[in-house]
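**Student:** fold the following for me, if possible:
(2 chains)
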There are 2 protein chains.
Amino acid sequence: MAMFEKITVLGVGLIGASFALGMKQKGLCRHISGFGRNRENLEKAKARGIIDSFETAPDNACLGSDLILLSTPVGSFIDLAKSSSSSFKKGAIVTDTGSVKGGLVAELEKIMPPGVHFIGGHPIAGSDKSGIESAGGGLFLNAKCILTPTRCSNGAALKKVSDLWAALGAKVVTMEPAEHDRIYAAVSHLPHVISYSLVNAIAGIDPSYFEFSGRGFRDMTRIAGSSPELWRDICMLNRENLIEMIAVFRQNLDSLSRYLRTSDGDSLEREFGKARTLREGIGQN
Amino acid sequence: MAMFEKITVLGVGLIGASFALGMKQKGLCRHISGFGRNRENLEKAKARGIIDSFETAPDNACLGSDLILLSTPVGSFIDLAKSSSSSFKKGAIVTDTGSVKGGLVAELEKIMPPGVHFIGGHPIAGSDKSGIESAGGGLFLNAKCILTPTRCSNGAALKKVSDLWAALGAKVVTMEPAEHDRIYAAVSHLPHVISYSLVNAIAGIDPSYFEFSGRGFRDMTRIAGSSPELWRDICMLNRENLIEMIAVFRQNLDSLSRYLRTSDGDSLEREFGKARTLREGIGQN
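**Tutor:** Numbering: from 1, shown residues only, chains lettered A, B, ... in the order given. Got it, this is the predicted structure:
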């Protein structure tokens, strides 16, 4: 028996389409309805069997759905939830794939009609790639998926969302929305900002330098290819944590710069060695 | 006919061993002598056919060599050249694989005995990997190799060094030593320092955060696994350029932080978009 009769994917991009494909491949639902801003993309997704039907109004897409996934750029979640909540069926579960939780989860909980349960989620499977061309049902295999229940969360809904991500191969971890945002400001949002900044800083010196770059630079700047709109949303929604993380990073970089100015090679080597040991401990090169 | 009778590789690590393997595979020399600090590593390199013989004194390794390659960590080049130059044969070519040129090239030129020709080189084929385990004759295939001749350089020696890198599949580019150092401060040394710093900054906040990191973070910090000793040398030898590049990057990052503080999402998106377009222009994702 399928876990869900009908699922709605609001935002059929890399994450939404991969989720849909995974649900289909695992036989977890009978019908997937899609919504998005770009009709051509929705038609393509339907032709490829990623979704079974689509609507160009989000409320229509949600009619009769047992599970609604918000997977548009995170800045649009509130408007999208507001404009479609009237069609959420009683007992429906609403979840999301946004990279920011915190205040957003609290706001989304408030928008839910009585008897509709919101559970915040964040699969750690982003990429500089975007769009359905890069989507695949295996995207979440062995990826972490963070769920951020609150004291308002319905236990059965949490269990169901947790089970479905596990069924897609993800390793589910639950934590407080605020803790999530602090962690991801550090390990994801800060690196993105640094990567964008590194590219622009070098272009400001001399854009012709790029052609001399090697693999290290390409690794460091791969995520600067990520969607500007999506990352604007993420950074703005998590700005307080991110401002703090930038300051901590900047302080660290300043101390390296000071070692250079004072020709303190020993301290430089010590810091580099510390970082290498930590990095080796993370694994998954 | 082989290009060289005897080659000496001073420093049989990733780069030195890959160079030796490439030379053998292309039949460009008859005998390769190795030198290094670690006897066990030299024995392993000989057993694997990377080198034909080895010496534990660098001057002995260089006796009778037509081509001497300096491929130890760049901070040891001067001492190494000084302690072996008396055994350089007349007409020998000395070249290197150091990530810094500038003043180092000028110093090395001065150390050369009469009739011995130094040509500075830098194959762009580094990695967070090191050691002969990761070595391969194909490492330089399609990689850039920068040569930095000066007005003191012998034209025939430059031609020969250029030809041999081309024979290993590298795309040879020549430029001034000072220009090389400025470019690589920006596209290589700055990214390394940032990567080390990012790891240490996050560890300073909470090392448990690492386990929540995704692919973006791993890409950004891969080069923090690079040799601390090697990178101390590189940073110290190119410290003036690097200090400047850190300052430019810091200024750029500060402006992003300012946009966050003033909730200026439009400026953030514009900067991210600019970086993405630039990054896409670089290619080789």
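**Student:** okay, now A:Glu55: neighbour count?
**Tutor:** A:Glu55 has 18 neighbouring residues, counting by other Cβ atoms under 10 Å in any protein chain shown. Any C-beta I mention is one placed from the backbone N, CA and C, and that applies to glycine too.
**Student:** so the least confident helix or strand in chain A by mean pLDDT, near chain B or not?
**Tutor:** Sorting the helices and strands of chain A by mean pLDDT, DSSP states H and E puts helix A:215-221 at the bottom, at a mean of 93. Yes - using Cβ under 8 Å from any Cβ of the partner chain, helix A:215-221 reaches chain B at A:Arg215, A:Gly216, A:Phe217, A:Arg218, A:Asp219, A:Met220, A:Thr221.
**Student:** what of stretch A:113-132?
**Tutor:** Yes - Stretch A:113-132 is in contact with chain B by Cβ under 8 Å from any Cβ, via A:Ile124, A:Ala125, A:Gly126, A:Ser127, A:Asp128.
**Student:** what packs against the least confident helix or strand of chain A?
**Tutor:** Judged by 3 or more Cβ pairs under 8 Å, 6 or more residues apart in numbering or on different chains; DSSP states H and E, helix A:215-221 is in contact with helix A:190-205, helix B:190-205, helix B:215-221, helix B:265-282.
**Student:** alpha carbons of the first one, as PDB, please.
**Tutor:** Just to be clear, that refers to helix A:190-205. Extracted in PDB, the C-alpha atoms of helix A:190-205 (Å, rounded to 0.1, in the frame of the first residue of the first chain):
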ATOM      1  CA  LEU A 190      29.200  31.000   5.300                       C
ATOM      2  CA  PRO A 191      31.000  28.800   2.700                       C
ATOM      3  CA  HIS A 192      28.600  30.000   0.000                       C
ATOM      4  CA  VAL A 193      29.200  33.700   0.800                       C
ATOM      5  CA  ILE A 194      33.000  33.100   0.900                       C
ATOM      6  CA  SER A 195      32.900  31.300  -2.400                       C
ATOM      7  CA  TYR A 196      30.900  34.100  -4.100                       C
ATOM      8  CA  SER A 197      33.200  36.700  -2.500                       C
ATOM      9  CA  LEU A 198      36.400  34.900  -3.600                       C
ATOM     10  CA  VAL A 199      35.300  35.000  -7.200                       C
ATOM     11  CA  ASN A 200      34.300  38.600  -7.100                       C
ATOM     12  CA  ALA A 201      37.500  39.600  -5.300                       C
ATOM     13  CA  ILE A 202      39.700  38.000  -7.900                       C
ATOM     14  CA  ALA A 203      37.700  39.500 -10.800                       C
ATOM     15  CA  GLY A 204      38.200  42.900  -9.100                       C
ATOM     16  CA  ILE A 205      41.900  42.400  -9.300                       C
END
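**Student:** buried sites along that helix?
**Tutor:** Buried residues in helix A:190-205, counted by 16 or more other Cβ atoms under 10 Å in any protein chain shown: A:190-203, A:205.
**Student:** what sits against A:Glu55?
**Tutor:** Neighbouring residues of A:Glu55 by Cβ atoms under 8 Å, 6 or more residues apart in numbering or on different chains: A:Ser33, A:Gly34, A:Phe35, A:Ala61.
**Student:** what mean pLDDT does stretch A:254-266 have?
**Tutor:** Stretch A:254-266 carries an average pLDDT of 98.
**Student:** what residue ranges in chain A are flagged as low confidence?
**Tutor:** When residues are selected by pLDDT under 70, those of chain A lie in A:1, A:127, A:284-285.
**Student:** if we go to 50?
**Tutor:** Judged against pLDDT under 50, chain A has no low-scoring part.
**Student:** ok so, going back, who wins for most neighbours among the residues of stretch A:113-132 next to chain B?
**Tutor:** A:Gly126 (25 neighbours).
**Student:** how far away is it from B:Leu237?
**Tutor:** Per Cβ to Cβ, to the nearest Å, A:Gly126 is found 38 Å from B:Leu237.
**Student:** now the helices and strands packed on helix A:215-221 as CSV including distance to B:Val161?
**Tutor:** Formatted as CSV, the helices and strands packed on helix A:215-221 follow (distance: least, Cβ to Cβ, whole Å):
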stretch, distance to B:Val161
helix A:190-205, 28
helix B:190-205, 26
helix B:215-221, 33
helix B:265-282, 28
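**Student:** let me know which of those is the nearest to A:Val172.
**Tutor:** helix B:215-221 (18.5 Å; Cβ to Cβ).
**Student:** which outside residues touch that closest one?
**Tutor:** Under Cβ under 8 Å, 6+ apart, the answer for helix B:215-221 is A:126-128, A:187-188, A:191-192, A:194-195, A:219-220, A:222-223, A:226, A:275, A:279, A:282, A:284-285, B:195, B:198-199.
**Student:** give me the subset of the contacts of A:Glu55 lying in strands.
**Tutor:** A:Ser33, A:Gly34, A:Phe35 (DSSP state E).
**Student:** which residue ranges of the stretch 101-250 of chain A form helices?
**Tutor:** Secondary structure of the stretch 101-250 of chain A by DSSP state H, counting those that start in this stretch: the helices cover A:102-111, A:155-167, A:177-184, A:190-205, A:215-221, A:228-237, A:239-261.
**Student:** related to what we said a few turns ago, of the residues of stretch A:113-132 next to chain B, which belong to strands?
**Tutor:** Among the residues of stretch A:113-132 next to chain B, no member falls in strands (DSSP E).
**Student:** what's the closest of these to A:Asp233?
**Tutor:** Minimum distance to A:Asp233 across the residues of stretch A:113-132 next to chain B is 12.8 Å, recorded for A:Gly126 (Cβ to Cβ).
**Student:** spit out the contact partners of A:Lys101.
**Tutor:** Counting by Cβ under 8 Å, 6+ apart, A:Lys101 has contacts A:Gly120, A:His122, A:Ile146, A:Thr148, A:Pro177, A:Ala178, A:His180, A:Asp181.
**Student:** now do 7 Å
**Tutor:** Applying Cβ atoms under 7 Å, 6 or more residues apart in numbering or on different chains, we find A:Lys101 in contact with A:Gly120, A:His122, A:Thr148, A:Pro177, A:His180, A:Asp181.
**Student:** is it possible to export the residues you listed to JSON lines including distance to A:Thr95 and neighbour count?
**Tutor:** JSON lines is the format used below for these (distance: Cβ to Cβ, whole Å; neighbours: other Cβ atoms under 10 Å in any protein chain shown):
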{"residue": "A:Gly120", "distance to A:Thr95": "7", "neighbour count": "28"}
{"residue": "A:His122", "distance to A:Thr95": "10", "neighbour count": "28"}
{"residue": "A:Thr148", "distance to A:Thr95": "10", "neighbour count": "25"}
{"residue": "A:Pro177", "distance to A:Thr95": "13", "neighbour count": "20"}
{"residue": "A:His180", "distance to A:Thr95": "14", "neighbour count": "25"}
{"residue": "A:Asp181", "distance to A:Thr95": "17", "neighbour count": "26"}
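**Student:** just the residues you listed now: which is nearest B:Asp264?
**Tutor:** Among the contacts of A:Lys101, and counting by Cβ to Cβ, the member closest to B:Asp264 is A:Asp181, at 20.2 Å.
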